[in-house]
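>>> Fold the following.
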Amino acid sequence: MSLSGLNRSLGTREHSASHNTVHKDLYRSPLAKPLPRVSSHAPPPPRMPVKTSPKRTRPLTSAASEPGSPVDNARRRELHTIKARIERSRIMSKSFSVRQDLRQKQEQEREKAERRANTAHSKSTAKWARRMSSSPFTVDLVAEYGKCPGTGYMMSAYGVLVTPQ
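Predicted coordinates:
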């Protein structure tokens, strides 16, 4: 009986079209474990931690990593380079322009709120100045509040009203 006839009688399939090749499973031991299935979707094997002795561990801080040292300066340059690269990639994205517009709008709103607050503060200061200039109780007002905003009236250490110069 030829090899191809043997393969047909055993029920195995051949790898190639030629009848002279024998299936590789014929040469495996019957006691051998089955080969594991190899899948492209299989998860990678777990990473095992590398155990090091205390002698091999790096110190958390060293004189070289102190601020101003060459190592620290190199780390800062590297960090600056990384940040610049990230910023360049953000600039090229469309979402960056949307965020930039939002930031600009928020900045304008913040400036408006600041102007409103400054206007309210100046109105309050002007109101206090009018009160202080026309009030016979200026000393009492300054004593109560310590000083009058906008006018410069203050109480001295001796309780005497000090007028602006």
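
>>> Please tell me how far N73 sits from S95.
34 Å (Cβ to Cβ, to the nearest Å). Glycine gets a C-beta too; all of them are placed from N, C-alpha and C.

>>> Please list all residues in contact with I82.
By Cβ atoms under 8 Å, 6 or more residues apart in numbering, the contact list for I82 is empty.

>>> Let me know the pLDDT of it.
On pLDDT, I82 comes in at 92.

>>> That one is in what secondary structure piece?
Under the criterion of DSSP states H and E, I82 resides in helix 70-92.

>>> Quick one: name whatever helix or strand follows that helix.
helix 94-134.

>>> one step back: between N73 and S95, which one's more packed in?
With neighbours defined as other Cβ atoms under 10 Å, N73 and S95 compare such that N73 has more, 11 against 8.

>>> neighbours around M132, how many?
For M132, using other Cβ under 10 Å, the count is 19.

>>> Roughly how far does it sit from T125?
Distance, M132 to T125, by Cβ to Cβ: 11 Å.

>>> try A113
Taken as Cβ to Cβ, the span from A113 to T125 is 19 Å.

>>> Of those two, which one has the most company?
More neighbours surround T125 than the other of A113 and T125, with 14 against 10 (other Cβ under 10 Å).

>>> For the more buried one, give me the pLDDT.
Confidence score, pLDDT, at T125: 82.

>>> where does the chain dip in pLDDT?
1-65, 91, 94, 136-165 (pLDDT under 70).

>>> change it to 80
Flagging of the chain using pLDDT under 80 yields the residue ranges 1-68, 87-97, 128-165.

>>> circling back to that earlier point, and for M132 and T125, which residues touch both?
With Cβ under 8 Å, 6+ apart as the test, M132 and T125 reach no residue in common.

>>> residue contacts, R90?
R90 touches F96, counting by Cβ under 8 Å, 6+ apart.

>>> Okay, it and R116: tell me how far apart.
From R90 to R116 the distance is 33 Å (Cβ to Cβ).

>>> go on, M92?
Per Cβ to Cβ, M92 is found 37 Å from R116.

>>> How about R75?
Counting by Cβ to Cβ - R75 and R116 are separated by 45 Å.

>>> Next: D72.
From D72 to R116 the distance is 45 Å (Cβ to Cβ).

>>> All good on my end, thank you.
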